[in-house]
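In: let me see the structure of the following:
(4 chains)
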Protein chains: 2
Amino acid sequence: MRIGELAAATGVSVRALRYYEEQKLLSPTRSPSGQRHYSDASVARVLQIQQLYAAGLSSKTILRFLPYMESNEVTTEVLHRLRAERERIDKQISALLETRDRLDRTIANAVEIEEQGGVCPHWP
Amino acid sequence: MRIGELAAATGVSVRALRYYEEQKLLSPTRSPSGQRHYSDASVARVLQIQQLYAAGLSSKTILRFLPYMESNEVTTEVLHRLRAERERIDKQISALLETRDRLDRTIANAVEIEEQGGVCPHWP
DNA sequence: GTAAAACCTGACATTGACGTCAGAGGCAAG
DNA sequence: CTTGCCTCTGACGTCAATGTCAGGTTTTAC
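Out: Modelled structure (predicted):
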């Protein structure tokens, strides 16, 4: 499949796909004329890349881990990094949970006030 | 307290504190000579700002919410935005949980292989 | 065969949250 | 008074993940 099709299939821009290649996250084959050609498996790979980006991993980090999330060969070195990254994500989750709770309390508080007729924000 | 002290107290750089002021997140008073002067309450405020940044909120979003997380006056308008942001954070948490699970499976898999003597990554 | 659509490379532009540097002024200690 | 540290403003630099544009080639559709 060509780059435009892959873009359509994944919802990722053509520019982004070329960027992923630049970052070595993708290695499409080339037609004689130089056009990129992707396998069907690329769709899943791109989606996974997107998910990792969404989790806050950088392209460098993704590059280090992606091969090991697809195959099974893991050095203890990489295992360490995987665990470190897991910890980082864990902390981020905790921080987000705390922030969410804080938002929840703010919202609950606001609703309560609203129900009481509450503090008018447009007070004279 | 002066800017350097606040920086030391919060672990945030002096540059960042000036940036926060630029974004209207802080409004220190000024000494006659123009030096910034912060109240003790600024410490907590800066820490909260940091937490919201860490949760992925932009300075604009923080600016909208911060007053309402400290006082109690909330318009239905802002309430809507609070809920929207809560939803966004919720989705981000889900994505992170999924990624963490994925990492966990990868790690577990790797450990299993390792215990079996497994695939040697430095194979001749 | 020709035009439209898709593709190529290369390069500069953007956004956010700062870092960093220059040049100048402010302030407590000896 | 001067030394040294802190602070000021202003401005340019950075980094990551793209967007966008220019100028040219290739593929597809009629």
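In: drop to CA atoms for contacts and neighbour counts, all remaining ones
Out: Noted.
In: so what pLDDT did the residue most central in space within chain A get?
Out: Among the residues of chain A, residue A:54 comes closest to the average C-alpha position under Cα atoms, centre = their mean, at 2.1 Å. Per-residue confidence for residue A:54 comes out at a pLDDT of 83.
In: over to residue A:120?
Out: We note a pLDDT of 49 for residue A:120 in this prediction.
In: before we move on, the earlier item: distance of the residue nearest to the centre of chain A relative to DNA strand C?
Out: Applying Cα to the nearest atom of the strand, to the nearest Å, one obtains 16 Å for the distance of residue A:54 from DNA strand C.
In: what is the helix-or-strand element of chain A with minimal mean pLDDT packed up against?
Out: For chain A, using mean pLDDT, DSSP states H and E, the weakest element among its helices and strands is helix A:59-70, scoring a mean of 82. Contacts defined by 3 or more Cα pairs under 8 Å, 6 or more residues apart in numbering or on different chains; DSSP states H and E place helix A:59-70 against helix A:41-54, helix A:76-115, helix B:76-115.
In: would you mark the buried spots in the shortest one?
Out: Neighbour-count burial for helix A:41-54, counted by 16 or more other Cα atoms under 10 Å in any protein chain shown, picks out A:42, A:43, A:45, A:46, A:48, A:49, A:50, A:51, A:52.
In: mind listing what residue A:20 touches?
Out: residue A:26 (Cα atoms under 8 Å, 6 or more residues apart in numbering or on different chains).
In: which helix or strand contains it?
Out: Taking DSSP states H and E as the definition, one finds residue A:20 inside helix A:14-22.
In: tell me what angle that helix forms with helix A:59-70.
Out: Angle, helix A:14-22 to helix A:59-70, by axes from the mean of the first three to the mean of the last three Cα atoms, to 10 degrees: 80 degrees.
In: circling back: which ones are touching the residue nearest to the centre of chain A?
Out: Listed by Cα under 8 Å, 6+ apart, the contact partners of residue A:54 are B:92, B:95, B:96.
In: those: which ones sit near chain A?
Out: When the contacts of residue A:54 are checked against chain A using Cα under 8 Å from any Cα of the partner chain, the ones in range are B:92, B:95, B:96.
In: of the contacts of residue A:54, which is the nearest to DNA strand C?
Out: Among those, residue B:92 lies closest to DNA strand C (Cα to the nearest atom of the strand), at 16.4 Å.
In: and that closest one, how many neighbours?
Out: Neighbouring residues of residue B:92 were enumerated by other Cα atoms under 10 Å in any protein chain shown; the total is 19.
In: quick check: end-to-end length of stretch A:16-30?
Out: Separation of the first and last residues of stretch A:16-30 by Cα to Cα, to the nearest Å is 18 Å.
In: does it come close to DNA strand D?
Out: Yes - where contact is defined by Cα under 7 Å from any atom of the strand, part of stretch A:16-30 touches DNA strand D, namely A:16, A:19.
In: where's that stretch relative to the chain centroid, distance-wise?
Out: Averaging C-alpha positions (Cα atoms, centre = their mean, to the nearest Å) puts stretch A:16-30 17 Å from its chain's average.
In: now do stretch A:98-107
Out: Relative to the mean C-alpha coordinate of its chain, stretch A:98-107 is positioned 24 Å out (Cα atoms, centre = their mean).
In: do the same with stretch A:40-48
Out: Put simply, stretch A:40-48 sits 13 Å off its chain's centre (Cα atoms, centre = their mean).
In: list the contacts of it.
Out: Residues beyond stretch A:40-48 that count as contacts (Cα under 8 Å, 6+ apart) turn out to be A:1, A:6, A:9, A:10, A:26.
In: same thing but at 7 Å, please
Out: A:6, A:9, A:10 (Cα atoms under 7 Å, 6 or more residues apart in numbering or on different chains).
In: what average pLDDT does that stretch get?
Out: Across stretch A:40-48, the average pLDDT comes to 95.
In: and it, does that touch DNA strand C?
Out: No - under the criterion of Cα under 7 Å from any atom of the strand, DNA strand C is not reached by stretch A:40-48; the shortest gap measures 14.2 Å.
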